[in-house]
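Peer 1: coords below, sequence missing:
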């Protein structure tokens, strides 16, 4: 058992799901004759982040989780995206970064101390960081992005959220 | 490393967070002079489940994940709730059930085959079931419940979603 399994393939798969949501978003916009880019600034509450920031947030959580659990410095990805095409590129950039990790990078990750600036000098055990914060926060941003599209009529369902599963039998 | 750590305390903590969201929901409704129960049937899209079903879905995913990973039959909890008080009781019933699990119940859970009726006779390795489906689906339902409240003006923020963290230092 190695935290690689709970991180790299999961983040990669779920970020790839977002690209499929974008495909459906663009097709829906063509059918309804609206500009799909209007959805990039859509949000569910006036003081909540819009779609662009939800996707950026999911990308960043994926990146920082793997970097910090492996004791590495993650690359900086400034939040400059404004279009669906740019969000797709952000996803691919992060996915390429995730693909550089090997299982052995996560040896001992469970006990490695993980800290972010927002923790104010405190730290979490790697395993706790993953379970209590990183996975919930990653899925929070993904679900919110999905809900923003869903709320605006994009025909998405739970299968689009979950995507394919690695059935053993 | 044992899958107990990634399941029982996480589900228990995140379901407890929902009770705090309900506290804020009731306080907000009192302040704005509306009946908080109207939010139980609120939804983000006409063909998406309402708040009640999102909370029931999170409760069920927590229950089935632990039961199936431990090779047990989970208790049946019919989806009869209609009020916030009944949803609180559902959360407590599930939390009490989660509290019956011990770490050793999860020995070997990673390799245990897990199947649900919706898998159509197929199965997932326990570890894959948790990472690819159960955790994302649990957080999906929680985030959607949160977003329904947020969309309706309940003053919730990311801190309410994440709750307390077990800082090591």
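Peer 2: Received, thanks. Remember, predicted model here, so these are calculated numbers, not experimental data.

Peer 1: Next up, the contacts around the residue nearest to residue A:36 when sequence neighbours are not counted.
Peer 2: Spatial nearest neighbour of residue A:36, excluding adjacent residues (Cβ to Cβ, 6 or more residues apart in numbering or on different chains): residue A:29 at 3.7 Å. All C-beta spots, glycine's among them, are computed from the backbone N, C-alpha and C. If a contact means Cβ atoms under 8 Å, 6 or more residues apart in numbering or on different chains, then residue A:29 has A:35-36, A:39 as its contacts.

Peer 1: Tell me how far residue A:29 lies from chain B.
Peer 2: Note on residue A:29: its distance to chain B, by Cβ to the nearest Cβ, to the nearest Å, is 16 Å.

Peer 1: how near is the residue sitting nearest the centre point of chain A to residue B:106?
Peer 2: In chain A, the centroid-proximal residue (Cα atoms, centre = their mean) is residue A:58; its distance is 2.7 Å. Per Cβ to Cβ, to the nearest Å, residue A:58 is found 28 Å from residue B:106.

Peer 1: And for residue A:133?
Peer 2: Taken as Cβ to Cβ, the span from residue A:133 to residue B:106 is 21 Å.

Peer 1: likewise residue A:150?
Peer 2: For residue A:150, the distance to residue B:106 - Cβ to Cβ - is 34 Å.

Peer 1: do the same with residue A:1
Peer 2: 11 Å.

Peer 1: For these two, indicate the residue with more neighbours.
Peer 2: residue B:106 (22 against 12; other Cβ atoms under 10 Å in any protein chain shown).

Peer 1: buried residues in the helix or strand containing residue A:18?
Peer 2: Per DSSP states H and E: residue A:18 is located in helix A:8-32. By 16 or more other Cβ atoms under 10 Å in any protein chain shown, the buried positions in helix A:8-32 come out as A:8, A:10-15, A:17-18, A:21-22, A:25, A:28-29.

Peer 1: for the residue nearest to the centre of chain A, what are its contacts?
Peer 2: A:14-15, A:18, A:138, A:141-142, A:145.

Peer 1: Backbone torsions only: list them for residue A:114.
Peer 2: Here is the backbone geometry of residue A:114 (degrees, to the nearest 10): phi -120, psi 130.
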